[in-house]
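**Student:** Coordinates for the following, if possible.
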Amino acid sequence: MARNTRSAAAKRGKLSSKAAAEPPRWVEPELCRLMEKAPSGPRWVHEIKFDGYRMGARIEHGQVTLLTRSGLDWTGKYPETAAALSKLPVESAYIDGELCGVRPDGVTSFSLIQAASDSGSSSLVYFAFDLLFIDGEAIGFLPLGERKARLEKVLESPPHGIAYSEHDSADGERLRKAACEHGLEGLVSKRIDQPYKPGERGTWVKSKCLNRSEFIIVGWTDPEGARVLIGSLLLGYYDSIGRLLYAGRVGTGMSQQTLRNLHEKLEALAIANMPLDEKPPRKSRFGSPLELSRVHWVKPELVAEVTYLTWTADNLLRHTVFVGLREDKPAEEVRREMPRS
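**Tutor:** Next up, the predicted model:
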């Protein structure tokens, strides 16, 4: 069983140029800033934006630990991936990557990884895109280009289920449009001359094909008609001063099994009082009126990933589709993403 707890040593890793006896216990991953368009120029390289779980892989003498972006140990949840990583030609290493379900056409799918048991019934691939430590040497201080060159050498003949994330130095916006045409989520663009910066945003940026973000589930409404268990999920996010604000509703994209799973999880989190700091509007220009008396409120703990068309003028999501639960992201970290031009 996966251990969904932080270890006592799971703190932000300190990256330095000094030799180290063992890889860090956990390194807070470098994060991406959202931009409307992909950047271009000689200092930028671009990778496909994957649709899975961000995962650090700590390897020490054949023992592998898979760590989420918040430091949770998920080794027990994906034992086949851990076993594959243990076959890499290293004594010790710390790799940054993303664990994904992959469709037959090669496109990553978040729904596949959620459904995977990692027993061979689903195709899971760990895409490695950075190397922070190898065989007693901490290398996070090196420029990205040098780190990736060393990672590529490690992954010259990777075991099944492990892949090197290629990059391209061509025009970023042209590559983003090509990715969109192929049904991909977007691009991640990185400064090739920069060191790894745990927890920071700026030298890595993401540009998406779809509007897609994470929101906190704050409640649900009763179903209508033939629908069962849940009508729609009420969504929220924290603003810059820590207020939990209403973002809108999502009612599409959920199968019968998903509705049952969500209902079970949400019932366990039920509370009497609204967790939002401001009441949601009863009416909006889009969608049916919200009857607060029929809303079931929950503790703001579950995080949902949602696609949407746009934000309305009154700061509500429009044309939403449920993608899945983000078990790897704490609710307190959810903020409204504002793309920069």
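**Student:** Might you list the low-confidence residue ranges for the stretch 1-150 of the chain?
**Tutor:** 1-20, 117-122 (pLDDT under 70).
**Student:** Could I get the full set of helices for it?
**Tutor:** Taking DSSP state H, counting those that start in this stretch to define them, one finds helices in the stretch 1-150 of the chain at 79-85, 110-115, 144-154.
**Student:** what are the pairing partners of the helix or strand following the last one, and which direction each?
**Tutor:** What that stands for is helix 144-154. For helix 144-154, the succeeding helix or strand toward the C-terminus, using DSSP states H and E, is strand 162-164. Neighbouring strands of strand 162-164 in its sheet, by DSSP bridges, are strand 124-134 (parallel).
**Student:** Show me the domain layout of the chain.
**Tutor:** Using automatic domain parsing, the domain ranges for the chain come out as 3-208, 211-333.
**Student:** Of those domains, which is nearest residue 340?
**Tutor:** Ranking these by proximity to residue 340 (CB to CB) places domain 3-208 first, at 5.2 Å. All C-beta spots, glycine's among them, are computed from the backbone N, C-alpha and C.
**Student:** Please name the residues that touch residue 159.
**Tutor:** 84, 85, 87, 88 (CB atoms under 8 Å, 6 or more residues apart in numbering).
**Student:** one step back: could you export the domains of the chain as CSV, including distance to residue 339?
**Tutor:** Below are the domains of the chain laid out as CSV (distance: least, CB to CB, whole Å):
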stretch, distance to residue 339
domain 3-208, 5
domain 211-333, 9
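**Student:** Could you identify which of those domains is most buried?
**Tutor:** domain 3-208 (a mean of 18; mean count of other CB atoms under 10 Å).
**Student:** for that one, the distance to its chain's centre please.
**Tutor:** 11 Å (CA atoms, centre = their mean, to the nearest Å).
**Student:** ranges for the strands of the stretch 1-150 of the chain?
**Tutor:** 3-6, 33-34, 44-48, 53-60, 63-68, 72-73, 92-102, 108-109, 124-134, 137-138 (DSSP state E, counting those that start in this stretch).
**Student:** closest one to residue 150 among the ones you listed?
**Tutor:** In terms of CB to CB, the element of the strands of the stretch 1-150 of the chain nearest to residue 150 is strand 124-134, at 5.6 Å.
**Student:** how big is the angle separating that closest one from strand 92-102?
**Tutor:** 160 degrees (axes from the mean of the first three to the mean of the last three CA atoms, to 10 degrees).
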